[in-house]
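Asker: Return a 3D structure for these sequence lines:
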Amino acid sequence: MLLSQSERSPALNLSSTSQHFADNAFQALLVEVNLTPKPGLVDRRNNGAHRDMNLGHFYRSSRAIARWLPHFVRQGEADAGLPVEQQLARIRPLGLACEAQMYRATGGVNTHKGSVFSLGLLCSAFGRLQQQQRQIDSASLCQLVAQICRGLVNRELLHNNTGQTAGQRLFAEFGLSGARGEAESGFQQVINGALPQYQQKITEGCSEQIALLDSLLWLMAFNDDTNVASRGGIAGLRWLQQYAQQLLDQGGAGAPQGIARLRQFDATCIARNLSPGGSADLLIVTWLLAQLPQPPQPPIYTQLD
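Answerer: Numbering: from 1, shown residues only. Next up is the predicted model:
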């Protein structure tokens, strides 16, 4: 899916490298939603555990967000000379504007709020590194995101927690830090698990679909997904994690019955009204980072803590 000229942002005079990264961030949204079958999530087969959204919502949302992604890159470039601690506040207005555009495109449905946050951070970090003429790879980009978000969980979840958002309530009740914690960690679940999983499967000759599905299963097994916890509590989250780990132990999506097992997992998630949206957001990050040069990777986690 390409953006028409009228859908593109006004010319920002980005370098070809920066524009390419923003374009890949848009493509990452499309890659995730088109991946099928995804347990509990909207895909090309069904609407998962969602009654208020479908594939069309995600296409419209992706197009709306795509217009803003180059602006995050440009902001990162413009702020490259400022202390890194100021970057988050500088991009927050862009994030709110992008989020508002998403809601307008979907008629008020929250399709990609988590991805607006993560992609906005990654695009602004890319622009900052590009402007500073520093090395850009998956590790350096995520390290910078961690620096930008330093103290975020303490500020917005541990202290000044008004309980007005689902994320704040889940942190107060269960200690789950959600998207804020993932960003402050520098997307460690992606860097240390989902991304190496994806790369290993590609190296073994698997298709991109199988590699992504296994990466999603890994994320579902290890990520303390606040979307799942908000729907099914901690019991629902632990059930989903154990089910995903079991499918990985059985060979994942590429096993002889792998896709059939995923479809059964999907049906069970729908019956339980569970949707791992946080893991889907991290899968978007995984694919985007996979398009960058990769430093040596640490070992993949092999079991639940």
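Asker: Now that residue 57 has come up, it's in contact with residue 103, right?
Answerer: No: the criterion here is C-beta atoms under 8 Å, and residue 57 misses it with residue 103 at 10.9 Å. Quick note: C-beta positions are derived from backbone N, CA and C, even for glycine.
Asker: Which neighbours do those two have in common?
Answerer: residue 109 (C-beta atoms under 8 Å, 6 or more residues apart in numbering).
Asker: Those two: which is more packed in?
Answerer: The neighbour comparison of residue 57 against residue 103 (other C-beta atoms under 10 Å) goes to residue 57, with 22 against 15.
Asker: For residue 269, which non-adjacent residue is closest in space?
Answerer: Distances taken as C-beta to C-beta, 6 or more residues apart in numbering place residue 40 nearest to residue 269, at 3.3 Å, with adjacent residues excluded.
Asker: Let me know how buried that neighbour is, in neighbour terms.
Answerer: The local packing of residue 40 (other C-beta under 10 Å) involves 29 other residues.
Asker: ditto for residue 100
Answerer: Using other C-beta under 10 Å, the number of residues around residue 100 comes to 12.
Asker: And for residue 188?
Answerer: Applying other C-beta under 10 Å, we find 14 other residues in the vicinity of residue 188.
Asker: How about the one 10 residues further on?
Answerer: Taking other C-beta under 10 Å as the criterion, the count of residues near residue 198 is 26.
Asker: Can you say which helix or strand has residue 18 in it?
Answerer: Using DSSP states H and E, residue 18 sits in helix 16-34.
Asker: buried set for that helix?
Answerer: 18, 21-34 (16 or more other C-beta atoms under 10 Å).
Asker: and it, what does it pack onto?
Answerer: With contacts taken as 3 or more C-beta pairs under 8 Å, 6 or more residues apart in numbering; DSSP states H and E, helix 16-34 sits against helix 55-66, helix 69-78, helix 113-131, helix 277-290.
Asker: residue ranges of the strands in the stretch 101-250 of the chain, please?
Answerer: With DSSP state E, counting those that start in this stretch as the criterion, the stretch 101-250 of the chain has no strands.
Asker: Poorly predicted segments of it, please.
Answerer: 163-164 (pLDDT under 70).
Asker: how about the helices of it, start to end?
Answerer: Along the stretch 101-250 of the chain, counting by DSSP state H, counting those that start in this stretch, helices occupy 113-131, 138-148, 152-153, 166-174, 178-184, 188-189, 195-203, 208-222, 226-249.
Asker: mind saving the C-alpha coords of the second one as PDB?
Answerer: Read that as helix 138-148. Output of helix 138-148 as PDB, limited to C-alpha atoms (Å, rounded to 0.1, in the frame of the first residue of the first chain):
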ATOM      1  CA  SER A 138      19.100  -1.500  16.000                       C
ATOM      2  CA  ALA A 139      21.100  -1.400  19.200                       C
ATOM      3  CA  SER A 140      22.200   2.300  18.900                       C
ATOM      4  CA  LEU A 141      18.600   3.400  18.100                       C
ATOM      5  CA  CYS A 142      17.100   1.500  21.000                       C
ATOM      6  CA  GLN A 143      19.800   2.700  23.400                       C
ATOM      7  CA  LEU A 144      18.900   6.300  22.400                       C
ATOM      8  CA  VAL A 145      15.200   5.600  23.000                       C
ATOM      9  CA  ALA A 146      16.100   4.400  26.500                       C
ATOM     10  CA  GLN A 147      18.000   7.600  27.200                       C
ATOM     11  CA  ILE A 148      15.100   9.700  25.900                       C
END
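Asker: Done for today, thanks.
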